[in-house]
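In: Sharing a model prediction with you, sequence too.
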Amino acid sequence: MTRTRKHVRTWVIVPLLLSGALLAGCSDDASSSGKDSGSASSGEDAGGGTTPTDPRDRALAYAQCMRENGVPKFPDPSDGGALKITPETGVDPGSPEFAEAQEACQDLSPQAQSQNSGPLDSAKVAEWAQCIRDHGVPAFPDPQINGGAMEIDLGKAGIGRDDSAFQEAMQACQSAWPGGGVMIRGGGPK
């Protein structure tokens with residue numbers, strides 16, 4: 001009997017690393033278009049409402065907006081604000097409905113805050129990535145900088161985002177965090 005290993009694609013976005021908590025939302029490459037999010041600096045969104053500042057509240061508002069705008073199976077965030085989209089959720093980040101909902105909800109996007117913070121310093125990003133490697137994850141890839149966010153493909157490197165070595169390295173390298181957001185692709189449980 002031959003077993004086929006099913007490739008599971010997981011999309012996770014990490015908008016901020018605060019107080020030791022890894023916070024996440026979801027996105028696809030369409031959200032990194034460099035468009036102005038329309039968010040006012042006063043915390044008002046483009047629709048005149050108030051954008052939540054608490055990461056979990058912001059992620060919950062984003063999830064509700066995505067459901068209201070054509071992605072009915074969009075998941076609620078975890079207690080820490082993490083939004084995970086896997087094939088099991090029934091959500092297709094490549095679908096036109098997803099792209100339309102993202103456009104409608106861009107002011108609530110967990111990435112909107114990091115995109116408005118300016119471009120990341122490539123030297124700081126490289127220092128953080130080296131710290132992760134030095135703390136037990138030697139295959140950690142160089143992040144790609146996209147404005148105020150990084151893109152990292154853990155799947156290509158064979159790293160599981162739930163691997164204890166990766167989690168420990170993330171904790172150990174908090175002081176080297178370059179700021180901004182990060183989109184982590186792949187890296188499902190190993």
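Out: Noted; the coordinates are in hand.

In: got the CA coordinates for stretch 177-185 in CSV?
Out: What follows is stretch 177-185 as a C-alpha-only set of coordinates in CSV (Å, rounded to 0.1, in the frame of the first residue of the first chain):
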residue,chain,number,x,y,z
TRP,A,177,11.8,42.0,16.4
PRO,A,178,12.1,44.5,13.5
GLY,A,179,8.5,45.7,13.9
GLY,A,180,5.7,45.7,11.3
GLY,A,181,3.8,42.7,10.3
VAL,A,182,4.7,39.3,8.9
MET,A,183,2.8,36.9,6.6
ILE,A,184,3.8,33.3,7.3
ARG,A,185,3.0,30.8,4.6
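
In: Now do it, average pLDDT.
Out: Computed over stretch 177-185, the mean pLDDT rounds to 75.

In: next one: stretch 126-133
Out: Stretch 126-133 comes out at a mean pLDDT of 95.

In: can you pull the buried residues of that stretch?
Out: 128, 129, 131, 132, 133 (16 or more other CB atoms under 10 Å). (Each C-beta comes from the backbone N, C-alpha and C, glycine too.)

In: And the helices in this protein, which stretches?
Out: Along the chain, the stretches classed as helices by DSSP state H are 55-68, 96-104, 110-115, 122-134, 154-157, 164-172.

In: was I right about residue 125 contacting residue 145?
Out: Yes - between residue 125 and residue 145 there is a contact under CB atoms under 8 Å: 5.9 Å.

In: So between these two, which is more surrounded?
Out: residue 125 (21 against 17; other CB atoms under 10 Å).

In: Next one: that one relative to residue 86, how far apart?
Out: 27 Å (CB to CB, to the nearest Å).

In: same thing with residue 71?
Out: In terms of CB to CB, residue 71 sits 14 Å off from residue 86.

In: Neighbour count for these two, which is higher?
Out: residue 71 (25 against 15).

In: give me phi/psi at that one?
Out: phi -120, psi 70 (degrees, to the nearest 10).

In: List the contacts of it.
Out: Residues near residue 71 by CB atoms under 8 Å, 6 or more residues apart in numbering: 91, 97, 98, 101.

In: Just the buried ones out of those, please.
Out: 91, 98, 101.

In: so what's the last one closest to, chain neighbours aside?
Out: Once flanking residues are discounted, residue 101 sits nearest to residue 69: 3.9 Å by CB to CB, 6 or more residues apart in numbering.

In: got it, and the second one?
Out: The spatially closest residue to residue 98, leaving aside those adjacent along the chain, is residue 71, at 5.6 Å (CB to CB, 6+ apart).
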